[in-house]
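**Q** Sharing a model that was predicted from the sequence below.
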Amino acid sequence: MAEKKPIILVPTDFSKAADTAINHAATLAAVSGDEIRLLHIVNSDTKTKLKKAGESLDDLNAKMDAQVADIKAKYGVKAASHLREGSIFSTIGEVAEEIGARLLVMGTHGVIGMQHITGAWAVKVITSSPVPVIIVQKKNLAKHGYKTMVFPIDSSRETKQKVIHSISMAKHFDSEVKLFASYEDDEFLINARNANIAWAENMFKKNGVKFSIEHSGKSGGLAKNCIKYASQVNADLIVILTDDSEISVSGFVLGADHEKVINNDAQIATMCVNPVANLYTIGNVLFM
């Protein structure tokens, strides 16, 4: 059982998308008490760019130190930074594991070490992460935080793992979790979905989390309908599930639609939860 610490890891490349990720992470840290850890990945392209600009790794460290100071002054939270050579596809997850981070917040459309974090590339980072990943675009988080959360729910057993993380987030912002139930026409799947809904509702009630439920229509598909619904209710966060190779909305594999969720037109942040076999704790709180 791995011990997670109150640390939020934020990869940064000094881009607008990275600045937005810092905003989301720091807004959360201000109410959760987490420490922000900035991470910049250095690769051969980075070194070439530095050489052309007449800069060095010391200059990169200075930029990181300046961002840390700005975070402390602007948000009043603890912050530190890491500069690490490697690949975004593996090193981000490795650093998250090494420092015991409980959450990773990352911007899309940015560049880390000259490598664009978009589409399927973002999926590689997400699925290699040992902790949930919040993906943001260029929309800063409102002062009320993740006040409205959309939680797609279907018949898959693994969807229950999202409940634990949703409860944790909801408690920080006194959020309402809006369950968005999949359309099913098979009796077995209907029963399994309804059992998951009942379990989620029970967990939310026990933890004092406000919730409501909406059902997806038959046409359009769960992913498309979920994004549309999240936009209609002005959601601040969509919580989805991942597996080893694809992004899913609960058990529903999106395939090529994963970019539509992560890079949705409403720029709603997306928390991606990787199903895990091992339990871990943060303080005295058990997560699964």
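**A** That came through fine.
**Q** what's the helix or strand for Val31?
**A** Here Val31, judged by DSSP states H and E, is contained in helix 16-32.
**Q** The helix or strand just after that helix - contacts with which helices or strands?
**A** Tracing the chain past helix 16-32, the next element assigned as helix or strand by DSSP H and E is strand 35-42. In terms of contacts (3 or more CB pairs under 8 Å, 6 or more residues apart in numbering; DSSP states H and E), strand 35-42 is packed against strand 7-11, helix 16-32, helix 57-75, strand 79-85, helix 88-99. (C-beta placed from N, C-alpha, C; glycine too.)
**Q** by contact count, what packs against the second one?
**A** If I follow you right, that is helix 16-32. Of the remaining helices and strands, those touching helix 16-32 by 3+ CB pairs under 8 Å, 6+ apart are strand 7-11, strand 35-42, helix 57-75, strand 103-107, strand 133-136, helix 160-173.
**Q** Tell me what angle that helix forms with helix 57-75.
**A** 50 degrees (axes from the mean of the first three to the mean of the last three CA atoms, to 10 degrees).
**Q** for the first one, same thing?
**A** Angular relation of strand 7-11 and helix 57-75 on a 0 to 180 degree scale: 130 degrees, by the same axes, to 10 degrees.
**Q** CA atoms only: put strand 7-11 into PDB for me.
**A** What follows is strand 7-11, C-alpha atoms only, in PDB (Å, rounded to 0.1, in the frame of the first residue of the first chain):
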ATOM      1  CA  ILE A   7       1.300  17.200  -2.900                       C
ATOM      2  CA  ILE A   8      -0.100  18.300  -6.300                       C
ATOM      3  CA  LEU A   9       2.400  17.900  -9.200                       C
ATOM      4  CA  VAL A  10       2.100  20.400 -12.100                       C
ATOM      5  CA  PRO A  11       4.200  19.900 -15.200                       C
END
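**Q** Please renumber the chain so that the first residue is 155 from this point on.
**A** Got it, the first residue is 155 from now on, which makes the last one we talked about strand 161-165.
**Q** which residues sit in contact with the closest residue to Lys228 other than its chain neighbours?
**A** Using CB to CB, 6 or more residues apart in numbering and skipping the chain neighbours, the partner closest in space to Lys228 is Ala180 (7.3 Å). By CB atoms under 8 Å, 6 or more residues apart in numbering, the contact list for Ala180 reads Ile190, Ile225, Lys228, Tyr229, Val231, Ala233.
**Q** Tell me the spacing between Ala180 and Ser186.
**A** 10 Å (CB to CB, to the nearest Å).
**Q** Which stretch among the helices and strands packed on strand 189-196 approaches Lys382 most closely?
**A** helix 170-186 (22.7 Å; CB to CB).
**Q** ok and the closest one relative to helix 314-327, angle-wise?
**A** Using the same axes, to 10 degrees, helix 170-186 lies at 70 degrees relative to helix 314-327.
**Q** Glu239 - how many residues pack around it?
**A** 13 (other CB atoms under 10 Å).
**Q** Quick one: neighbours of the closest residue to it other than its chain neighbours, just the number.
**A** In space, Glu239 comes closest to Val196 once its chain neighbours are excluded; the distance is 4.7 Å by CB to CB, 6+ apart. Close neighbours of Val196, defined as other CB under 10 Å, add up to 17.
**Q** Quick check: Val196 touching Ser210?
**A** No - here Val196 does not reach Ser210: they are 11.2 Å apart, not a contact under CB atoms under 8 Å.
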